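Participant: Here is my input, please return the structure:
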Amino acid sequence: MSRSRRNFSAEFKTNLVLQLLKGEKELNVLAVENDIQPNLLRNWKKEFLTNASLAFDNKREDNLREKLAEERKEKAEYAKKVGQLTMQVDWLKKNLKKLSDLTTRVNLVRNLSTTKELPVSTGAKLLGINRTSVYYGGIPVSEEELECKAIIDHLHTDNPTWGARQMSAQLKLRGYHVGRRKAGRCMREMDISPIYPKMNLSKRMKQAKVCPYLLRNAVMDRPNQAWSIDITYLPMKHGFLYLTTIIDWYSRCIVGWEIDDTLDTTMVINACKKAFKVAKPLIINSDQGSQFTSDKYIDFIRDNGIRQSMDGKSRWADNIMIERWFRSFNYKEAYLTEYANLKEARKAIGRYIYTYNFERCHQSIGNKRPAEVYYPVMLLDTARAAA
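Facilitator: You can find the predicted model right below:
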């Protein structure tokens, strides 16, 4: 029995978003408690933050109402056209199925494909036949393959993270000579795939503007010549958090950071704003992730009079300073800690960065502390108190 569509009031959405912004509960916990999808709550948060300024802009609100009215009118017209076309297509499909047998329908699709009037996949879908029947009669599945698929289904239920290699090894242990490729094909046919976090935070948008790499062979002899910025994700009990960090190349000091449960450009800009309260670099370097190639971020960096630099594609070593810091952070903090919520993670990460900046000695800067090298002596105590 299909589940009816739920409608949520504006008050309900606002209440959940405000709870999320307070940081007392993580996004996935709120979603489970209220029986909604995490992505839906994440979208509500983005919409709330994007439209927050409308509360103080009456003119913009009137324009928005007019625009929404026009969009509703267009959608109504499109819905009417789609409804008419859907009714016509359904009528044709129903009558063609009644008036013709399977062989006739298969031959019709073949003829339409030969004359290039209609693709095979479209014709097969419209006439309610399997696309493979147009190409060949089909090969019966062997008893051994059916047994292998039954074993794969059982193994996947107990171990959902296993992929084709592990399935192949398990089948061989049970006396079936099945290679990785065949195991993978069986999994695809059964619509089975291993479950694990597939995180890649460095994918740029299509047609994104890419800046040249400006730090090749550069000599760093003072703070604030160049900074590096990057994003990593942190596993929690129920989901993930995202950490943006900025490091000074010369002193290795962490000059700014921000954490959030939503991966967007706003988090990156907030980290930069915190860092810019102390100083601004001549150059800031990043990878080609969509957050760093967005118009919003590029305009923000340009408006602050900073030159933007980007790694070459697949050249992680171009941003080696921040990559090394993330590696140390992961092994010494993130992998050893299971954060319960955003508030707890923010506190723990702040404590780690304080220790790194003000207490830990760094070999590459003569066994000095990063903050000791970055801040002038007279400002060191002030920076320590503010951290």
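Participant: For Ala271, which non-adjacent residue is closest in space?
Facilitator: Counting by C-beta to C-beta, 6 or more residues apart in numbering, Ala271 lies nearest to Glu258, which is 3.8 Å off, once chain neighbours are set aside. Every C-beta, even on glycine, is put in place using the N, C-alpha and C of the backbone.
Participant: now do Phe300
Facilitator: The nearest residue in space to Phe300 (C-beta to C-beta, 6+ apart) is Ile269, at 5.4 Å.
Participant: So that neighbour sits against Ile298, correct?
Facilitator: No: contact criterion C-beta atoms under 8 Å: Ile269 and Ile298 do not qualify, at 10.9 Å.
Participant: To which secondary structure element is Lys13 assigned?
Facilitator: helix 10-22 (DSSP states H and E).
Participant: can you dump the C-alpha coordinates of that helix into PDB?
Facilitator: Provided in PDB are the C-alpha atoms of helix 10-22 (Å, rounded to 0.1, in the frame of the first residue of the first chain):
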ATOM      1  CA  ALA A  10       5.500  26.700   7.700                       C
ATOM      2  CA  GLU A  11       5.500  26.800  11.500                       C
ATOM      3  CA  PHE A  12       6.700  23.200  11.600                       C
ATOM      4  CA  LYS A  13       9.500  23.800   9.200                       C
ATOM      5  CA  THR A  14      10.600  27.000  11.000                       C
ATOM      6  CA  ASN A  15      10.600  25.200  14.400                       C
ATOM      7  CA  LEU A  16      12.900  22.400  13.100                       C
ATOM      8  CA  VAL A  17      15.300  24.800  11.300                       C
ATOM      9  CA  LEU A  18      15.600  26.900  14.500                       C
ATOM     10  CA  GLN A  19      16.400  23.800  16.500                       C
ATOM     11  CA  LEU A  20      19.000  22.800  13.900                       C
ATOM     12  CA  LEU A  21      20.700  26.300  13.900                       C
ATOM     13  CA  LYS A  22      21.000  26.200  17.700                       C
END
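Participant: Which other helices and strands does that helix contact?
Facilitator: Packed against helix 10-22, as judged by 3 or more C-beta pairs under 8 Å, 6 or more residues apart in numbering; DSSP states H and E, are the following elements: helix 27-33, helix 38-50.
Participant: I'd like those helices as JSON lines, with mean pLDDT appended.
Facilitator: Output for the helices and strands packed on helix 10-22, formatted as JSON lines (pLDDT from 0 to 100):
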{"stretch": "helix 27-33", "mean pLDDT": "83"}
{"stretch": "helix 38-50", "mean pLDDT": "86"}
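Participant: Switch those over to a markdown table; also include mean neighbour count and distance to Arg165.
Facilitator: Output for those, formatted as a markdown table (neighbours: other C-beta atoms under 10 Å; distance: least, C-beta to C-beta, whole Å):
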| stretch | mean neighbour count | distance to Arg165 |
| --- | --- | --- |
| helix 27-33 | 18 | 30 |
| helix 38-50 | 15 | 30 |
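Participant: tell me the mean pLDDT for stretch 328-344?
Facilitator: Throughout stretch 328-344, pLDDT has a mean value of 84.
Participant: how long is it end to end?
Facilitator: 20 Å (C-alpha to C-alpha, to the nearest Å).
Participant: Any buried residues in that stretch, and which?
Facilitator: Judged by neighbour count using 16 or more other C-beta atoms under 10 Å, the buried positions of stretch 328-344 are 329, 333-334, 337, 339, 341-342.
Participant: Over to stretch 270-279?
Facilitator: Those would be 270-272, 275-276, for stretch 270-279 by 16+ other C-beta under 10 Å.
Participant: Tell me who's in contact with Arg131.
Facilitator: By C-beta atoms under 8 Å, 6 or more residues apart in numbering, Arg131 lies in contact with 120-121, 124-125.
Participant: Just list what the one helix or strand Glu372 maps to packs against, helices and strands only.
Facilitator: Assessed by DSSP H and E, Glu372 sits inside helix 370-374. Applying 3+ C-beta pairs under 8 Å, 6+ apart, one finds that helix 370-374 contacts helix 342-358, helix 377-386.
Participant: With just CA atoms, put it into PDB.
Facilitator: What follows is helix 370-374, C-alpha atoms only, in PDB (Å, rounded to 0.1, in the frame of the first residue of the first chain):
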ATOM      1  CA  PRO A 370      52.700  28.100  14.900                       C
ATOM      2  CA  ALA A 371      51.000  31.000  16.700                       C
ATOM      3  CA  GLU A 372      54.300  32.200  18.000                       C
ATOM      4  CA  VAL A 373      55.500  32.500  14.400                       C
ATOM      5  CA  TYR A 374      52.300  33.900  13.000                       C
END
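Participant: So for that helix, mean pLDDT?
Facilitator: 91.
Participant: same deal with stretch 181-192?
Facilitator: Stretch 181-192 comes out at a mean pLDDT of 86.
Participant: again with stretch 353-365
Facilitator: Stretch 353-365 comes out with an average pLDDT of 88.
Participant: And it, what's buried?
Facilitator: Across stretch 353-365, burial judged by 16+ other C-beta under 10 Å covers 353, 356-358, 362, 365.
Participant: cool, stretch 108-122 as well?
Facilitator: Counting neighbours by 16+ other C-beta under 10 Å, the buried set in stretch 108-122 is 108-109, 112-113, 120.
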